[in-house]
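J.: task: produce atomic coordinates for the following.
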Amino acid sequence: MDHFTYVNSQLQAEGVALRRIADEVGTPVFVYSSAAFEGHLRAFDSAFKAKPHLVCYSVKVASNLALLSKVAKLNLGADIVSGGELFRALKAGILAEKVVYSGVGKTASEIKQALAAGILMFNVESEPELSLVSSIAKDQGLKAPVALRVNPDVDPSTHPYLATGLKESKFGVPVAEALSLYLRAKDDPNLSVIGIDCHIGSQLTSLSPFVDTVSRLKVLLGKLRAAGLNIKYLDLGGGLGITYESENAPSPAEYAQKILSGLGDEEVTLIFEPGRAVAGNSAVLVIKVLYDKITPEKRFVITDGAMNDLIRPSLYGSHHAVAPLTQAQAGTDSIKVNVVGPVCESGDFLAKDRLIPPVSAGDYLAVKSAGAYGFSMSSNYNSRPRAAEVLIEGDSYRIIRARETQEDLIHGETL
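T.: Next up, the predicted model:
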């Protein structure tokens, strides 16, 4: 979180104090640092400068058009998992020929949309999907560019919900079955087989699973080339973790060194799908303290931010650091609290048994590392309007998504 620091006791990003945003925009509000977001993108891209490559930002992580437009301006691509994400990416100026389409449940209409747009390739995740892509391509008189998402059965040593490369996962084609499916696709006149895709999981803080994956994919790559397939792309997905608490997350440069060393002199264009590593520590969620509730068993700091704004702590039990916008004076004793929201669920919490400085109603807190799967996973549960989003650019900020109103909550509904 190097772009979110205390200056004169006020938490700020770049040249803007977060207290100013909280006062002027209201809370809850997601606050992004443009310098952090762009800096992380550049770090990932430059780490692989020695090898032909394409960085495809993972749209699902944080999909605001203002963020995606920064991806476009850096001439990078997008990893999408829905027709809606394709719409967003193209709207933001990302070139269709730099878009890869992942996901296990692509619909016929979404496949048609992507084919018409001219995306780089489909990362196909099953035999039935391959058949559907072929059929639609035939109907449209097109040849669909495809890679198979191969499941290498590598343990990523992450949260079970974030592991996608194990043999029991719903994602991808088992590596033992991949060759036969590739050979079938090779003989299909409606398909152009151009790549191998793999994504083993998210929030990985050890590089060894990536190294194991590259080793297994090289074996498959050799078999495919021996069978006459012209494999141009090796899509290694995303998954590089960040520091939420005490994790020792590798840098993009360290990651690149391991990948390139393991790959050797294989002549392929690498594709990467970073998301969390780009957006995670590029934003905080600013919330307001409503009540300081003390019971015989617990002390609860009740805020206007809740699980519908940031579901990760409730869903994954994940850790997000919590800090006051005004830095506590030296020597201030911390108190142990649960930071919770107003949602009517016992699982509605942002932090449990956390030591923070004493707070009072009206104070503001920042929930850190909230850029990845923060707003993008938010909801209207309990009929709560979703938060605003703000982007800091140097010494100024702008609202990049207006706070929803109660009228927005019933849009499309009828009596």
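J.: the stretch 51-200 of the chain: helices as residue ranges?
T.: Secondary structure of the stretch 51-200 of the chain (DSSP state H, counting those that start in this stretch): helices located at 65-73, 83-91, 108-117, 127-140, 175-186.
J.: go through the fourth one and flag the buried ones.
T.: Same thing as helix 127-140. Residues of helix 127-140 classed as buried by neighbour count (16 or more other CB atoms under 10 Å): 129-130, 132-134, 136-137. C-beta here means a position set from N, CA and C on the backbone, and glycine is covered the same way.
J.: what is it packed up against?
T.: Counting contacts by 3 or more CB pairs under 8 Å, 6 or more residues apart in numbering; DSSP states H and E, helix 127-140 packs against helix 108-117, strand 121-124, strand 144-151, helix 175-186, strand 191-197.
J.: among those, which gets the worst mean confidence?
T.: Sorting the helices and strands packed on helix 127-140 by mean pLDDT places helix 175-186 lowest, at a mean of 91.
J.: which residues are in contact with that helix?
T.: 127, 130, 146, 148, 150-153, 173, 191, 193, 216, 220, 223-224, 227-229 (CB atoms under 8 Å, 6 or more residues apart in numbering).
J.: deepest in the core, which of the helices and strands packed on helix 127-140 is it.
T.: The highest mean neighbour count among the helices and strands packed on helix 127-140, using mean count of other CB atoms under 10 Å, belongs to strand 121-124: a mean of 28.
J.: confirm Gly39 sits in a helix?
T.: Yes - counting by DSSP: H, G, I helix; E, B strand; the rest coil, Gly39 is located in a helix.
J.: who touches the closest residue to it other than its chain neighbours in this structure?
T.: In this structure, Gly39 finds its nearest non-sequential neighbour in His3, 7.8 Å apart by CB to CB, 6 or more residues apart in numbering. Contacts for His3 were tallied using CB under 8 Å, 6+ apart; they are 13-14, 33, 35-36, 39, 281-282.
J.: the nearest residue to Ala387 once chain neighbours are set aside: what's it in contact with?
T.: Spatially, and ignoring its direct neighbours in sequence, Ala387 is nearest to Pro28 (4.2 Å; CB to CB, 6+ apart). Neighbour list for Pro28: 285-288, 304-306, 309, 387-388 [criterion: CB under 8 Å, 6+ apart].
J.: go on, Tyr255?
T.: Contacts of Tyr255 by CB under 8 Å, 6+ apart are 47, 207, 210, 240.
J.: ok, the first one to Pro209 distance?
T.: When CB to CB, to the nearest Å is applied, the distance between Ala47 and Pro209 equals 18 Å.
J.: distance to Lys298 added to the helices and strands packed on helix 127-140, as TSV?
T.: Listed next are these as TSV, based on distance: least, CB to CB, whole Å:
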stretch	distance to Lys298
helix 108-117	46
strand 121-124	46
strand 144-151	43
helix 175-186	48
strand 191-197	46
